[in-house]
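In: here is a sequence together with a model predicted from it:
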Amino acid sequence: MDSAACLLMAFISAGTLLQVWCSESITALYGETIVIQCNNGAPAPEDLMFIKWKYEKEDGTPGDLLLKQAHSSQATVQATDSYAQRVNIDDKFSLHITQASLKDEKTFTCMVVSESNLREFPVSVTVHKKPSSVQVMEKSKALQKDKPVMLGTCVAADANPAALITWKKNGKPLVADGKAVVITPSMKVDPATGLSTTSSTLHYAATKEDVNAVFACVSTYELTNQETDLGRFPIHYPSENISLQIMPKESIVEGDNVTLKCHADGNPPPSSFFFYIKGQKMLVKNSDNFTLTAVNRESTGEYKCSLADNEKMEASKRIVVTYLDLSLSHTGKVVKTLGDTLSVKTEKNASGDTKVSWTKDGAAVKEPEFSKLTYADAGVYVCEVSLSGLTRRQSFELVVEGKPVITSLSKHRVDDAKHKVLTCEAEGVPEPSFQWSVNSTNEARSYINGKATHKITVIPKENLTVTCSVSNKLGEDVRTINVSSVFEEEKKEKGAQQDSEDQAKVIVGVVVGILLAAALVGLIYWLYIKNSRQGSWKTGEKEVGTSEESKKLEENNHSV
């Protein structure tokens with residue numbers, strides 16, 4: 001409560017001095033109880049007679065509220081209007097007015113009457129009320145690019161004094177420019193309550209950069225701000241670019257499903273498009289794609305799409321369908337005769353350059369071309385042609401037939417076994433059958449790549465001439481082999497062994513005889529020489545002998 005600004009004095013009858021203090025002012029809250037102190041709460045004079053509260057009516061005349069005698073515990077309510085139920089006084093002579101309203105914005109006076117003086121203390125009351133609510137009305141769902149759209153109306157209701165409303169974008173104040181930013185304020189006063197409702201409407205022309213902008217309205221009341229966040233708004237704008245996508249993006253081959261996807265950069269994205277398929281115009285609603293099923297080589301060409309609401313905005317793309325045809329001059333099972341010729345022709349029809357490879361029984365080979373077929377040429381041939389992820393295969397099975405020919409007929413005996421193994425080998429297709437001219441056991445056969453082998457076991461008790469016959473549908477072949485008796489071979493082996501032992505004995509006897517003869521001749525020679533020398537030593541004469549005798553002696557030695 002402010003201090004009195006001045007003091008007015010006047011004399012009234014009976015010499016009483018009237019003192020009127022300049023008006024003080026207080027601020028009360030709407031709906032609350034107004035408490036007005038008398039003389040700023042100073043103690044009453046000792047010679048107090050009574051205190052009276054009064055107010056100034058709208059027409060300027062005074063109106064009584066209540067009166068309280070100095071020594072009375074109860075006050076007398078003098079008001080006859082709405083104040084009669086709302087006013088009261090406490091023991092410090094302060095006036096209480098319940099349920100404050102704007103009608104209470106007036107001057108209330110406390111009159112203090114004593115035996116020696118009469119003083120009046122006027123108090124001016126102002127009633128304030130903050131807004132009961134701050135709301136955004138008529139909020140827009142989206143903004144338009146380069147076109148002013150009402151973003152919303154911010155309302156601060158039932159305030160006194162009226163609230164001030166401003167707008168922000170991304171935390172910074174928006175300033176009206178009359179073009180992109182248009183702010184329209186307004187205020188209404190409730191005639192019943194006198195409270196003010198402030199409104200502010202914002203029209204805003206957005207740009208693409210506003211897509212994440214946050215808008216808010218700010219209500220300012222007695223230096224206190226209440227901010228209401230409107231959040232982010234989608235920015236709507238027409239499409240400026242359009243494109244046509246082809247899926248899959250990689251090579252398209254015959255039989256594939258191909259999806260055309262039309263994309264435009266507008267917001268919200270367009271939901272309907274025209275697709276132009278081989279001269280036909282097709283409208284697709286609530287979708288941006290169109291699927292071509294099982295395309296073929298005739299599907300190659302230019303495709304186009306456009307906006308349903310703006311056909312001038314269009315996009316196109318060319319689709320190339322990869323295709324590949326393959327055929328061989330021979331397929332399935334091809335039967336040829338040994339020594340025949342064979343040439344394989346390959347025919348291709350493709351949308352580009354191809355890569356050709358051949359395999360035989362899974363192994364890589366050159367393109368088959370035979371001037372003289374052999375059994376080894378037989379097998380399964382596969383031709384594979386590829387082009388940009390597309391592969392075609394054709395195959396044939398080559399069978400080389402020929403009448404059987406025996407290539408080998410042999411016999412074999414293992415160590416001292418009582419049997420012999422006969423082996424007959426032949427070449428021929430189809431597989432030849434074997435026929436032997438002798439009974440046998442333990443037959444074993446094999447057939448690999450046109451080579452047939454047949455083994456039998458026999459126990460020949462006498463010398464035999466064995467025949468091996470091979471045959472198939474194309475002919476036959478025969479070969480013979482001589483097989484000795486196992487028992488005769490054993491006798492011969494034993495006789496040969498005895499003869500070998502006798503011959504060894506003779507050789508040993510001859511060698512021993514020669515050695516003994518040589519020793520005997522040597523002994524005779526030694527005795528002769530010894531006797532000759534002993535005779536000369538006895539007579540003391542020189543050895544006498546003719547040259548003829550010496551020669552004869554030497555000849556005898558040599559002859560021995």
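Out: Ah, there it is.
In: so residue 189 touches residue 160, yeah?
Out: No: in this structure, residue 189 is not within contact of residue 160 by C-beta atoms under 8 Å, at 9.3 Å. Quick note: C-beta positions are derived from backbone N, CA and C, even for glycine.
In: any idea how far residue 56 is from the residue nearest to residue 86 when sequence neighbours are not counted?
Out: Using C-beta to C-beta, 6 or more residues apart in numbering and skipping residues adjacent in sequence, the residue nearest residue 86 is residue 98, 4.8 Å away. Distance, residue 98 to residue 56, by C-beta to C-beta, to the nearest Å: 20 Å.
In: neighbours around the closest residue to residue 408 other than its chain neighbours, how many?
Out: Of all residues not flanking residue 408 in the chain, residue 425 sits nearest, at 4.1 Å (C-beta to C-beta, 6+ apart). Applying other C-beta atoms under 10 Å, we find 18 residues neighbouring residue 425.
In: check residue 460 too.
Out: Neighbour number of residue 460 under other C-beta under 10 Å is 20.
In: repeat that for residue 170.
Out: 11.
In: what about it? Give its phi and psi, please.
Out: Dihedral pair for residue 170: phi 50, psi 40, per degrees, to the nearest 10.
In: which ones are touching it?
Out: Contacts for residue 170 were tallied using C-beta atoms under 8 Å, 6 or more residues apart in numbering; they are 213-214.
In: looking at it, residue 244 is touching residue 258, isn't it?
Out: No: at 11.9 Å, residue 244 and residue 258 do not qualify as touching, with contact defined as C-beta under 8 Å.
In: related to what we said a few turns ago, beta partners for the residue nearest to residue 408?
Out: Counting by DSSP bridges, residue 425 is bridged to residue 408, residue 453.
In: how far away is it from residue 400?
Out: 18 Å.
In: again with residue 154
Out: The gap separating residue 154 from residue 400 is 98 Å, by C-beta to C-beta.
In: quick check: residue 250 touching residue 390?
Out: No: using C-beta under 8 Å, residue 250 is not in contact with residue 390, being 11.3 Å away.
In: with neighbour numbers in mind, choose between those two.
Out: residue 390 (20 against 10).
In: residue 318 versus that one, what's the distance?
Out: With C-beta to C-beta as the criterion, residue 390 and residue 318 are 19 Å apart.
In: likewise for residue 236?
Out: 33 Å.
In: the residue nearest to residue 408 against residue 405, yeah?
Out: No: counting by C-beta under 8 Å, residue 405 is not a contact partner of residue 425; they are 9.9 Å apart.
In: before we move on, back to that, give the residues shared as contacts by residue 189 and residue 160.
Out: In contact with both residue 189 and residue 160: 195-196, using C-beta under 8 Å, 6+ apart.
In: neighbour count winner among the two?
Out: residue 160 (22 against 13).
In: so what pairs up with residue 214 in the strands?
Out: Here residue 214, judged by DSSP bridges, has bridge partners residue 232.
In: low pLDDT regions in the stretch 451-560 of the chain?
Out: Scanning the stretch 451-560 of the chain with the threshold set as pLDDT under 70 gives 487-506, 508-510, 528, 530-560.
In: which stretches of it form helices?
Out: Using DSSP state H, counting those that start in this stretch, the helices of the stretch 451-560 of the chain run over 486-539, 547-559.
In: relative to residue 211, how far out is residue 265?
Out: Distance from residue 265 to residue 211, counting by C-beta to C-beta: 12 Å.
In: how near is the residue nearest to residue 408 to residue 432?
Out: Residue 425 is 11 Å from residue 432, by C-beta to C-beta.
In: what do those two both touch?
Out: In contact with both residue 425 and residue 432: residue 452, using C-beta under 8 Å, 6+ apart.
In: and this structure, what are its domains?
Out: 7-128, 133-236, 242-322, 403-487 (automatic domain parsing).
In: measure the second one end to end?
Out: Put plainly, it is domain 133-236. 31 Å (C-alpha to C-alpha, to the nearest Å).
In: chain center to that domain, what's the gap?
Out: In this view, domain 133-236 has its centroid 46 Å away from the chain centroid, taken as C-alpha atoms, centre = their mean, to the nearest Å.
In: same thing with the last one?
Out: Centroid separation between domain 403-487 and its chain, computed with C-alpha atoms, centre = their mean, is 68 Å.
In: please apply the same query to the third one.
Out: Counting by C-alpha atoms, centre = their mean, domain 242-322 is centred 26 Å from the centre of its parent chain.
In: equivalent analysis for the first one, please.
Out: Distance of domain 7-128 from the chain centroid (C-alpha atoms, centre = their mean) equals 84 Å.
In: measure residue 230 to residue 150 for me?
Out: Using C-beta to C-beta, residue 230 is found at 12 Å from residue 150.
In: more neighbours: which of those two?
Out: Using other C-beta under 10 Å as the criterion, residue 230 and residue 150 rank with residue 230 on top: 19 against 15.
In: for that one, which residues are in contact?
Out: Counting by C-beta under 8 Å, 6+ apart, residue 230 makes contact with 136, 139, 151-152, 214-217.
In: can you put the residues you listed in JSON lines and add secondary structure and neighbour count?
Out: JSON lines is the format used below for the contacts of residue 230 (DSSP: H, G, I helix; E, B strand; the rest coil; neighbours: other C-beta atoms under 10 Å):
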{"residue": "136", "secondary structure": "strand", "neighbour count": "19"}
{"residue": "139", "secondary structure": "coil", "neighbour count": "15"}
{"residue": "151", "secondary structure": "strand", "neighbour count": "26"}
{"residue": "152", "secondary structure": "strand", "neighbour count": "23"}
{"residue": "214", "secondary structure": "strand", "neighbour count": "14"}
{"residue": "215", "secondary structure": "strand", "neighbour count": "24"}
{"residue": "216", "secondary structure": "strand", "neighbour count": "18"}
{"residue": "217", "secondary structure": "strand", "neighbour count": "25"}
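In: where does the stretch 201-350 of the chain dip in pLDDT?
Out: Looking at the stretch 201-350 of the chain by pLDDT under 70, you get an empty list.
In: ok, which stretches of it are helices?
Out: Under DSSP H, counting those that start in this stretch, the stretch 201-350 of the chain gives no helices.
In: okay, now residue 371: neighbour count?
Out: The burial count for residue 371: 9, using other C-beta under 10 Å.
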